[in-house]
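# Take this sequence and fold it.
(chains A and B)
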Amino acid sequence: MTSPITPAVSYRDPMAAMRWLEAAFGFETSLVVTDRDGNFGHGQMTFGEGQIDIGGEWSSPELLGPASMKSPASLGGVGTQFLRIELPSGLDEHCARARAAGAQITQAPEEQFYGSRTYRALDPEGHVWNFSELSKAVSWEEMQQASGLTFADRLPQ
Amino acid sequence: MVATAGTRFELHYQDPAAAVGWLGRVFGLEPELLVYDPDGKLAFGRVDGPVALVPAGPGRPGPSAAGGVSTQTVNVILAEDVDAHCERARSEGARVLIEPRDEFYGERNYVAADLEGHLWCFSQRVSDGGPPPEGWRVELLKARASS
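Here you go, the predicted model:
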């Protein structure tokens, strides 16, 4: 069951980004909207049951006021939102493929205290992607012991 | 092609604990998991499935701290009435940037900013959609995995 909540990712060159996401991370293009001149309007991609929307940079004083959407490439690498993708298996192979396609691997695959193996990579415009695969089931109590963190399912009253 | 995989994402907040409360009250998003550090500060929060809230830091500010800019935004498909959702959000203090409007592809949506400037687009499917505007081309390569 796919979530009805989808991240929308902004790029300076969305068409090039979609080609790169296919080659490096294995995303599949599901929708491309272009205008009569072939200019990009909107894109959608899938990864297993996961989805992302792809957009260009956009500002509109009348519609958005002071808000705007930009690529990290236009902001010195800053990102207001990061992506996390769960793989069913094959994390190390996924990382090797991404590296070969030119991804900047900022954190090599390693085990995390919460039972996942993860790696982190930047795409060509600087969006941060965190890929993970479940390596073993860990209870909240075990996570708590390993990390010193406290886990809860509601805000304190 | 992989059998199962999820797309999750992290939104950066100066005050993630305040954001968890705000997103619940204003947008109706339920907290599912909250992780506190030894000082009692919220280190990680998960609301409604794929949305995680994490503390802002160097290189990962929220939009307000970044001068109003967002590098990614969130699209949410509602099961409920989008106009009613918008009115509730507005009355609870959300800044509605784009009022509910019908799109040619059969959705009605609105865009609002949250307490730290993250942009949320809420949509409701209202018809099967019609042809795109003059001059636009739509290539549907694969049906959306769910509706």
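# which residue ranges form the strands in chain A?
A:5-11, A:28-34, A:40-47, A:50-56, A:58-59, A:68-69, A:81-87, A:104-111, A:116-122, A:128-134, A:150-152 (DSSP state E).
# Pull up the pairing partners for the third one, direction included.
Based on DSSP bridges, the pairing partners of strand A:40-47 within the sheet are strand A:28-34 (antiparallel), strand A:50-56 (antiparallel).
# hey, which of those is tucked in deepest?
Comparing the strands paired with strand A:40-47 by mean neighbour count (mean count of other C-beta atoms under 10 Å in any protein chain shown), strand A:50-56 ranks first with a mean of 22. All C-beta spots, glycine's among them, are computed from the backbone N, C-alpha and C.
# Excluding chain neighbours, what is closest to residue B:137?
Among residues not flanking residue B:137 along the chain, residue A:34 sits closest, at 4.9 Å (C-beta to C-beta, 6 or more residues apart in numbering or on different chains).
# My read is that the one you found contacts residue A:43, right?
No: applying C-beta atoms under 8 Å, one finds residue A:34 not in contact with residue A:43, separated by 9.4 Å.
# Let me see the contact set for residue 138.
Since you didn't name a chain, this refers to chain A. By C-beta atoms under 8 Å, 6 or more residues apart in numbering or on different chains, the contact list for residue A:138 reads A:113-115, A:146.
# try chain B instead
Contacts of residue B:138 by C-beta under 8 Å, 6+ apart are A:31-33, B:105, B:132.
# which secondary structure element contains it?
For residue B:138, the host element (DSSP states H and E) is strand B:137-140.
# so what strands line up beside that strand?
Here, using DSSP bridges, strand B:137-140 pairs with strand A:28-34 (antiparallel).
# State the mean pLDDT of the partner strand.
The pLDDT scores in strand A:28-34 average 93.
# likewise stretch B:93-104?
Averaging pLDDT along stretch B:93-104 gives 94.
# Can you list the neighbours in contact with that stretch?
With C-beta under 8 Å, 6+ apart, stretch B:93-104 has contacts from A:63-65, A:67, B:26-27, B:82-83, B:86, B:89-90, B:108-115, B:119, B:126, B:129-133.
# Provide a list of residue ranges in chain A with pLDDT below threshold.
For chain A, applying pLDDT under 70 flags the ranges A:1-3.
# worst-scoring helix or strand of chain B, pLDDT-wise?
Lowest by mean pLDDT, DSSP states H and E among the helices and strands of chain B is strand B:137-140, with a mean of 84.
# Can I get that strand in CSV, CA atoms only?
Written as CSV, here are the backbone C-alpha positions of strand B:137-140 (Å, rounded to 0.1, in the frame of the first residue of the first chain):
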residue,chain,number,x,y,z
ARG,B,137,1.9,17.2,-23.4
VAL,B,138,1.4,14.5,-20.8
GLU,B,139,3.2,11.2,-21.0
LEU,B,140,1.8,8.7,-18.6
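# Show the contacting residues for residue B:119.
Taking C-beta under 8 Å, 6+ apart as the test, what residue B:119 contacts is A:64, A:67, A:69, B:63, B:70, B:73-74, B:97, B:111-113.
# what's across from it in the sheet?
Going by DSSP bridges, residue B:119 forms beta bridges with residue B:113.
# Just give me the neighbour total for residue 141.
Since no chain was named, I'll use chain A. 9 (other C-beta atoms under 10 Å in any protein chain shown).
# wrong one, chain B
12.
# In this structure residue A:137 contacts residue A:116, no?
No: using C-beta under 8 Å, residue A:137 is not in contact with residue A:116; the gap is 10.5 Å.
# These two: which has the busier surroundings?
More crowded of residue A:137 and residue A:116, by other C-beta under 10 Å: residue A:116, with 20 against 7.
# got the contact list for that one?
Residue A:116 touches A:132-135, counting by C-beta under 8 Å, 6+ apart.
# And residue A:16, by the same measure?
residue A:124.
# what's the distance between it and residue A:26?
As defined by C-beta to C-beta, to the nearest Å, residue A:16 lies at a distance of 17 Å from residue A:26.
# How about residue B:57?
From residue B:57 to residue A:26 the distance is 29 Å (C-beta to C-beta).
# now swap in residue A:107 and tell me
Taking C-beta to C-beta, one finds residue A:107 at 19 Å from residue A:26.
# ok, these two, which is more surrounded?
residue A:26 (19 against 12).
# Sketch out the low-pLDDT regions of chain B for me.
Those would be B:1-5, B:142-147, if you go by pLDDT under 70 across chain B.
# quick one, strands of it?
B:7-13, B:31-36, B:42-47, B:51-55, B:69-70, B:72-77, B:95-102, B:107-113, B:119-125, B:137-140.
# I appreciate the help and will end here.
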